[in-house]
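K.L.:
Got a predicted structure here, sequence first:
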Amino acid sequence: MSYPSVVTPRRIAIAALLALLGLCVAAVVLPHLPVGGPLGSWMASRDVASGVYAYQTPLLSVPWEKEWKRTMHCEYGIQIRGESALGLNKAFGESYNQAYNRVQLAAIESRFGSNVVFTIRDRLRQAWNTRTAKS
């Protein structure tokens, strides 16, 4: 008794079209999903566990940024990273940074006190504005 072949040219063509359709849908949908959150949380937890404290911020081009980074690093050991997450799409980067910062800020605040990152930033910004206003 012989059975007809399960693999036919028609079935191969249908499978190929479905695979192509799946790739097209993935190419359209996946870049818009903010899936960076779990990765950001995981990376931040890993950094905290190894003693690295950091805050991710979008690239800044303000005159007091270098002083803020230096102060946070020298006085508190906190890195201020002015970079977009992994250079990937905007939604992914924002999701990654938000999740990363949520974990890191909780660890930073438990070690150094409430709002230290933003207090120092605001103090330096105000000092710079005061210095430039006098000029």
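P.N.:
Received, thanks.
K.L.:
all contacts plus neighbour counts: C-alpha atoms, from now on.
P.N.:
Noted.
K.L.:
biggest helix in the protein by residues?
P.N.:
helix 90-112 (DSSP state H).
K.L.:
Following the chain past that one, name the next helix or strand.
P.N.:
Per DSSP states H and E, the first helix or strand lying C-terminal to helix 90-112 is helix 116-134.
K.L.:
That next one - what's its average pLDDT?
P.N.:
Helix 116-134 carries an average pLDDT of 88.
K.L.:
now stretch 65-82
P.N.:
For stretch 65-82, mean pLDDT rounds to 90.
K.L.:
which parts of it are buried?
P.N.:
By neighbour count on 16 or more other Cα atoms under 10 Å, the buried set for stretch 65-82 is 65, 68-69, 71-72, 78-80.
K.L.:
Residue 42: which element?
P.N.:
Here residue 42, judged by DSSP H and E, is contained in helix 36-49.
K.L.:
and the next element down the chain from that helix?
P.N.:
Following helix 36-49 in sequence order, the next helix or strand is strand 53-57 (DSSP H and E).
K.L.:
I'd like to know which elements that next one is packed against.
P.N.:
strand 78-82, helix 90-112 (3 or more Cα pairs under 8 Å, 6 or more residues apart in numbering; DSSP states H and E).
K.L.:
want to throw these into CSV with distance to residue 6?
P.N.:
Listed next are the helices and strands packed on strand 53-57 as CSV, based on distance: least, Cα to Cα, whole Å:
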stretch, distance to residue 6
strand 78-82, 57
helix 90-112, 43
